[in-house]
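Student: Provided below for reference: sequence and predicted model.
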Amino acid sequence: MGGNTKGFWSGDLGYRQAAAATVGAILVGWVVQFARGGGGLIPPSWPSNAIFLALFLGWLALLSGSDGRLVAWLGGVPFALVSMLGVGLLGVAGGVIPQTTDQSPEWARALGLDHIFSGAPFAAALLLLLTNLGLATFRRLRQHGPKVWFFSLNHAGLWIVLAAAMFGSGDLIRARMILLEGQAEAMVVDAAGRQGYLPFGLFLQKFSVEQYPAEPGRPGAPKRFTAEVTVLRKSQKFEDVRIEVNKPFRRDGWTLYLTNYELSPNGQPNQCLIEAVRDPWLPAIYTGIFLMLGGAVAMLFRNPFAPCLQP
């Protein structure tokens, strides 16, 4: 058995070895997850995540200078396709299985599938894909130079998007705020019950609901609801804005979404629910998307049979 294992890894490295490495990494992730009690990982926040990301990128840059077959395999097409398949399958599972404890089935909770995107298996699969993308980008630039910049734009853009989404998740804040008509508020509360404050306050001047025409025996359903608010600042420079569903308000790195409302005892809407989101890594994600679009446009004007596109 030992000789077969040695032969498996000592021969040509291709799809079978990539599948073994990806499945192995995911299984190790599950072992780590269950050893920690089955809960999800706590992502690092600033500046720890930025330091780790910089070290990871530097390691990829140094590793790409090697001409060894292991590095070539890690940055090659077989490893890319298999690692993408691993991330994709876990992503599909996360889209099909409810990712909340109160809605997911018991078997999914037992396997830790009710928090796939924060679990160690998904993190392991994503790190493999980031390793492949980083090595592929650096190796192409070393071997071919600026003539493959369009190839590098695509891969670097995808790497930035995935890396920012993974390492920046610890800085993402998603909280709720309740606004009462005629009152000001700046406090928000996240899902864990922790309190915080926006860098500005909101005074709800008026909340209104527009409804569809009522049908016989059935009241009209909400069609549109809006909140007329005043943004309060210490500088006394107030600003009147309107927040609507699908029309959020953005200021100072925060995005405020109008998500719901409640009725007063007399049946009139007098308070609304605001979701406050702060994602400081969102500009990096947008940058990665624009790089991918730039690379795709460049490829449209490039000979698809150019030698530099060959593996």
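Tutor: Perfect, I can see it now.
Student: Where do the helices of the stretch 101-250 of the chain begin and end?
Tutor: 106-110, 120-144, 149-167 (DSSP state H, counting those that start in this stretch).
Student: I'd like the distance from the longest one to the chain centre, please.
Tutor: Relative to the chain's own centre, helix 120-144 is displaced by 17 Å; criterion: C-alpha atoms, centre = their mean, to the nearest Å.
Student: mind showing which ranges of the stretch 151-300 of the chain have poor pLDDT?
Tutor: The model of the stretch 151-300 of the chain has pLDDT under 70 over residues 214, 217-221, 264-269.
Student: quick one: strands adjacent to whichever strand in the chain runs longest?
Tutor: Identified as the longest strand of the chain according to DSSP state E is strand 195-211. Applying DSSP bridges to the sheet, strand 195-211 is found paired with strand 184-190 (antiparallel), strand 222-232 (antiparallel).
Student: okay, which residue is most central for the chain?
Tutor: Central residue of the chain (C-alpha atoms, centre = their mean): Ala165, 3.7 Å from the mean position.
Student: That one and Ala284 touch, don't they?
Tutor: No. If you go by C-beta atoms under 8 Å, Ala165 and Ala284 don't touch, sitting 9.0 Å apart. Backbone N, C-alpha and C define where each C-beta goes, glycine included.
Student: and the strands paired with strand 195-211, which is most packed in?
Tutor: strand 222-232 (a mean of 17; mean count of other C-beta atoms under 10 Å).
Student: Of all the helices of the stretch 101-250 of the chain, which one is nearest Arg224?
Tutor: Checking the helices of the stretch 101-250 of the chain against Arg224 by C-beta to C-beta gives helix 149-167 as the closest, at 32.1 Å.
Student: What are the boundaries of the strands in this protein?
Tutor: Assigned by DSSP E, the chain shows strands spanning 173-180, 184-190, 195-211, 222-232, 239-244, 249-251, 254-263, 269-278.
Student: Quick one: mean pLDDT for stretch 106-126?
Tutor: Mean pLDDT, stretch 106-126: 91.
Student: mind listing what's buried in that stretch?
Tutor: 108, 111-126 (16 or more other C-beta atoms under 10 Å).
Student: gap between Phe52 and Glu262?
Tutor: 42 Å (C-beta to C-beta, to the nearest Å).
Student: ok, now Ala296?
Tutor: Counting by C-beta to C-beta - Ala296 and Glu262 are separated by 46 Å.
Student: Return the set of residues that bridge with Met187.
Tutor: Met187 forms beta bridges with Tyr197, as assigned by DSSP bridges.
Student: Just confirm it contacts Gly196, I think it does.
Tutor: Yes. With contacts defined as C-beta under 8 Å, Met187 counts as touching Gly196 at a distance of 7.3 Å.
Student: how deep is Phe138 tucked in, by neighbour count?
Tutor: Using other C-beta atoms under 10 Å, Phe138 has 22 other residues around it.
Student: Repeat that for the one 5 residues further on.
Tutor: Burial of Gln143 is recorded as 11 neighbouring residues (other C-beta under 10 Å).
Student: Then Val31?
Tutor: Val31 has 12 nearby residues by other C-beta under 10 Å.
Student: gap between Ile97 and Val32?
Tutor: Plainly put, Ile97 is 20 Å away from Val32 if you go by C-beta to C-beta.
Student: who's more crowded, the two?
Tutor: Set Ile97 next to Val32 and count neighbours by other C-beta under 10 Å: Ile97 wins out with 19 against 15.
Student: Next, the contact list for the more buried one, please.
Tutor: Neighbouring residues of Ile97 by C-beta atoms under 8 Å, 6 or more residues apart in numbering: Ser104, Pro105, Ala108, Leu113, Asp114, Ile116.
Student: what sits against the third one?
Tutor: Under the criterion of C-beta under 8 Å, 6+ apart, the contact partners of Ala108 comprise Ile97, Pro98, Asp114.
Student: doesn't His115 make contact with the second one?
Tutor: By that I understand Pro98. No. Counting by C-beta under 8 Å, His115 is not a contact partner of Pro98; they are 10.5 Å apart.
Student: any chance of the helices of the stretch 101-250 of the chain in TSV, plus distance to Tyr257?
Tutor: Shown next, in TSV, are the helices of the stretch 101-250 of the chain (distance: least, C-beta to C-beta, whole Å):
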stretch	distance to Tyr257
helix 106-110	28
helix 120-144	26
helix 149-167	19
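Student: for stretch 97-105, which positions count as buried?
Tutor: Applying 16+ other C-beta under 10 Å to stretch 97-105 flags Ile97, Gln99, Ser104 as buried.
Student: Using a markdown table, lay out those together with distance to Gly39.
Tutor: Below are those laid out as a markdown table (distance: C-beta to C-beta, whole Å):
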| residue | distance to Gly39 |
| --- | --- |
| Ile97 | 16 |
| Gln99 | 13 |
| Ser104 | 14 |
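Student: Sort out which one of those lies nearest Ala227 for me.
Tutor: Using C-beta to C-beta, these come closest to Ala227 at Gln99, 28.9 Å.
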